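Student: here's my sequence, what's the structure:
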Amino acid sequence: LSMAPKVTISRTAMEILNSIVQDTFEELAQEAQKLCKMTNKPTLASREMQTAIRLVLPGELAKHAVSEGTKALTKFGDRKTEEGGL
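Tutor: Numbering: from 1, shown residues only. All right, here's what the predicted structure looks like:
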């Protein structure tokens, strides 16, 4: 995502965006927690997170979120493998 160099965001707008992101994170975490409890799994895995995303976010947004999350996990796993971890 790129913005024009002279475009700024007000403090109030930034606070509103921050609030939206925090609320969405909390909702996703709560849904993922419910899924873990329903399946008697003690550990939150990517499967539960993906399901929570699909339940909380609407259509295309959910698809993109799952896709970007999968891409990030793959990149993280590749980096750990290169370092000799994992």
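Student: hey, let's count contacts and neighbours off CA atoms from now on
Tutor: Fine.
Student: what stretches of this structure score poorly on pLDDT?
Tutor: Within the chain, the ranges that satisfy pLDDT under 70 run 1-3, 85-86.
Student: figure out how far the longest helix anywhere in it is from the centre of its chain.
Tutor: Using DSSP state H, we find that the single longest helix of the chain is helix 11-38. Helix 11-38 sits 9 Å away from the centroid of its parent chain (Cα atoms, centre = their mean, to the nearest Å).
Student: buried sites along that helix?
Tutor: 27, 28, 29, 31, 32, 33, 35, 36 (16 or more other Cα atoms under 10 Å).
Student: and the next helix or strand past that helix?
Tutor: helix 46-56 (DSSP states H and E).
Student: one step back: next, the angle from the longest helix of the chain to helix 46-56.
Tutor: Relative orientation of helix 11-38 versus helix 46-56 (axes from the mean of the first three to the mean of the last three Cα atoms, to 10 degrees): 120 degrees.
Student: helices or strands up against helix 11-38?
Tutor: Helix 11-38 is packed against helix 46-56, with contacts defined by 3 or more Cα pairs under 8 Å, 6 or more residues apart in numbering; DSSP states H and E.
Student: what residues does the helix it packs on touch?
Tutor: Defining contact as Cα atoms under 8 Å, 6 or more residues apart in numbering, one finds that helix 46-56 is touched by 27, 28, 29, 31, 32, 35, 36, 62, 63, 65, 66.
Student: could you redo the last one with a cut-off of 7 Å?
Tutor: With contact meaning Cα atoms under 7 Å, 6 or more residues apart in numbering, helix 46-56 is reached by 28, 31, 32, 35, 36, 62, 66.
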